[in-house]
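In: one predicted model, sequence on top.
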Amino acid sequence: MSFVAFCSLKYINVAMVTVLKNVTNVITAVGEMYLFKKHHDSRVWAALFLMIVSAVSGGITDLSFHAIGYAWQIINCFLTASYSLTLRRVMDTAKQVTKSGNLNEFTMVLLNNTLSLPLGILLIFVFNEVDYLYTTPLLRRPDFWLVTTLSGFLGLAISFTSMWFLHQTGATTYSLVGSLNKIPLSVAGIVLFKVPTSLENSASIFFGLLAGVFFARAKIREKSQS
């Protein structure tokens with residue numbers, strides 16, 4: 001999931017990535033319906049439909065459209081949805097097979113990152129990263145180590161808070177909260193990286209962000225009614 005996200009960012013600007021990530025909510029909602037027999041009301045499905053419309057219109061009006069980047073991002077959406085659904089399934093299974101009836105957040109983070117190591121090591125050799133590390137001047141720059149270390153701590157914090165949040169809620173709610181942080185992220189991506197955009201594309205991005213907010217409100221109302 002993380003690897004494919006980097007691949008998509010190589011070709012697509014941050015604002016469009018955040019809007020396309022809304023497709024993850026659709027996949028997650030469908031997955032919850034089949035795996036956990038969880039049903040959503042009409043308002044939730046309406047919001048999910050708006051997300052799809054915004055993603056399609058955003059792609060059509062994207063001035064820097066790149067087919068490979070969009071393909072990577074669609075794959076990332078499926079992997080992200082699979083990740084959250086699998087974590088939810090693991091947590092439910094843990095309640096049945098462990099003495100405590102639960103896996104705490106520290107255990108989940110440890111298992112999650114340990115199990116990712118073999119794949120990470122494999123990708124290092126597949127893409128010949130070892131030779132690159134020996135020759136790159138980046139390793140001699142203090143600012144590179146500072147940013148890399150900070151990124152590692154932020155990644156650990158994301159893993160820990162994700163596990164805790166999934167313990168308290170469901171996979172779809174986990175996805176919708178991720179949708180809300182897209183608003184400042186999209187604006188920052190356009191401003192900081194000076195992304196060329198048109199009025200139509202900006203409107204598509206804004207429409208997609210509003211769809212995420214509408215989705216959050218629909219989920220909150222659905223939960224209060226149940």
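Out: It's in.
In: nearest residue to the residue most central in space within the chain other than its sequence neighbours?
Out: Geometric centre of the chain, nearest residue: residue 80, 5.6 Å, by CA atoms, centre = their mean. Using CB to CB, 6 or more residues apart in numbering and skipping residues adjacent in sequence, the residue nearest residue 80 is residue 24, 4.8 Å away. For every residue, glycine as well, the C-beta is placed using N, CA and C.
In: quick one: the helices in this structure?
Out: Here the chain has its helices, by DSSP state H, at 2-9, 14-20, 22-35, 42-61, 67-97, 105-126, 129-135, 142-168, 171-180, 182-192, 199-225.
In: any stretches of the chain with poor pLDDT?
Out: Counting by pLDDT under 70, the chain contains low-confidence ranges at 62-63, 100-103, 105, 166, 170-190, 193, 195-198, 201, 223, 226.
In: state the number of residues packed around the residue nearest to residue 80.
Out: Residue 24 has 24 neighbours, counted by other CB atoms under 10 Å.
In: next, count neighbours for residue 23.
Out: 22.
In: equivalent analysis for the one 5 residues further on, please.
Out: Here the count is done by other CB under 10 Å, and residue 28 has 27 residues near it.
In: phi and psi next, for residue 136.
Out: For residue 136, the backbone dihedrals (degrees, to the nearest 10) come out as phi -70, psi 140.
In: correction: the previous question concerned residue 98.
Out: The phi/psi pair for residue 98 (degrees, to the nearest 10) is phi -110, psi 150.
In: for it, which residues are in contact?
Out: Under the criterion of CB atoms under 8 Å, 6 or more residues apart in numbering, residue 98 has no neighbours.
In: mind doing that once more with 10 Å?
Out: residue 107 (CB atoms under 10 Å, 6 or more residues apart in numbering).
In: what about it, distance to residue 29?
Out: Distance, residue 98 to residue 29, by CB to CB, to the nearest Å: 28 Å.
In: surely residue 41 touches residue 222?
Out: Yes: in this structure, residue 41 is within contact of residue 222 by CB atoms under 10 Å, at 5.2 Å.
In: looking at the two, which is more packed in?
Out: Neighbours per residue (other CB under 10 Å) separate residue 41 from residue 222, with residue 222 holding more: 17 against 13.
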